[in-house]
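K.L.:
pasting the structure only:
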Ligand SMILES: Nc1ncnc2c1ncn2[C@@H]1O[C@H](COP(=O)(O)OP(=O)(O)O)[C@@H](O)[C@H]1O
Ligand SMILES: O=C(O)C1=C[C@@H](OP(=O)(O)O)[C@@H](O)[C@H](O)C1
Ligand SMILES: [Mg+2]
């Protein structure tokens, strides 16, 4: 079993929202790895970061994402930093080699920050000495090459509703 579609990209690009619309349109399940992590840990992502730190979160995330790539069908929406773990990148490469579709949802800093700039549920956006804008820009720049490496397609989400972006993605699927 493997997902029909995997979505990656930075915070606020719309992975969760577009993933839900794409799954509904396809009549399949949506699996959001952030929600799976919260369920497994019995805590919110913000609580995991606060109590155990980012490295501990990345280990749980690696376990959840690698497992989900092999055991779920439907649409899989990753967290923005999931691609950082080498095990996850290897699993995504295997999924693509097997015909899987990985879409990098790209977004401008301006749109992403309008969507999520004040959201306290994203701990990566908040930290000493940097504004959410500075943090988003730095993190997105650090990760861009990795998103490009793991993805088979890039879709920009600045314009259009989540449903409209989902329709553009469905057109990329082999049997669409
Ligand atoms: N194409 C879009 N147009 C307008 N708002 C969007 C779009 N995509 C996502 N959003 C909104 O932006 C916020 C963040 O989207 P989300 O899907 O959680 O992003 P991600 O999972 O990539 O961090 C949500 O409130 C969502 O409804
Ligand atoms: O970019 C990141 O490092 C993170 C993105 C979040 O997911 P979204 O990209 O869905 O916001 C979530 O996994 C966590 O807060 C860390
Ligand atoms: Mg999300």
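P.N.:
Received it, and whenever you're ready, just let me know what you need. All values derive from a computational prediction rather than experimental measurement. Ligands and ions are numbered 1, 2, ... in the order given.
K.L.:
Can you pull the phi/psi pair for the residue of the chain found nearest ligand 1?
P.N.:
As assessed by C-beta to the nearest ligand atom, ligand 1 sits closest to residue 14 within the chain, at 2.9 Å. For the C-beta atoms, the positions are set from N, CA and C on the backbone; glycine is no exception. For residue 14, the backbone dihedrals (degrees, to the nearest 10) come out as phi 110, psi 20.
K.L.:
pLDDT wise, what is the closest residue to it other than its chain neighbours at?
P.N.:
Distance criterion C-beta to C-beta, 6 or more residues apart in numbering; nearest residue to residue 14, sequence neighbours excluded, is residue 157 at 4.6 Å. The predicted local distance difference test score for residue 157 is 98.
K.L.:
burial count for residue 157?
P.N.:
Neighbouring residues of residue 157 were enumerated by other C-beta atoms under 10 Å; the total is 25.
K.L.:
Quick one: the helices in this structure, in order.
P.N.:
For the chain, the helices defined by DSSP state H occupy 15-26, 33-41, 45-52, 54-71, 86-97, 109-116, 132-150, 162-170.
K.L.:
So, low pLDDT: which residues of the chain?
P.N.:
In the predicted model of the chain, residues 176 satisfy pLDDT under 70.
K.L.:
Enumerate the residues of it near ligand 1.
P.N.:
Proximity of the chain to ligand 1 is assessed by C-beta under 6 Å from any ligand atom, with 11-18, 80, 115-116, 157, 160-162, 165 identified as the residues in range.
K.L.:
Find the closest residue to ligand 3 in the chain.
P.N.:
Distances between the chain and ligand 3 by C-beta to the ion are smallest at residue 16, namely 3.3 Å.
K.L.:
still on that earlier bit, how much space separates the residue of the chain closest to ligand 1 from ligand 2?
P.N.:
To ligand 2, residue 14 is 9 Å away according to C-beta to the nearest ligand atom, to the nearest Å.
K.L.:
From residue 60, how far off is that residue?
P.N.:
For residue 14, the distance to residue 60 under the criterion C-beta to C-beta, to the nearest Å works out to 23 Å.
K.L.:
Ok, residue 147 next?
P.N.:
Counting by C-beta to C-beta, the gap from residue 147 to residue 60 is 21 Å.
K.L.:
Ligand 2 contacts on the chain?
P.N.:
By C-beta under 6 Å from any ligand atom, the residues of the chain that approach ligand 2 are 11, 15, 16, 34, 45, 79, 80, 81, 122, 123, 124.
K.L.:
Filter the residues of the chain next to ligand 1 down to the buried ones and express that as a PyMOL selection.
P.N.:
Selecting just the buried residues from the residues of the chain next to ligand 1 in PyMOL takes one command, with 16 or more other C-beta atoms under 10 Å as the test:
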select buried, resi 11+12+13+14+15+16+17+18+80+115+116+157+162+165
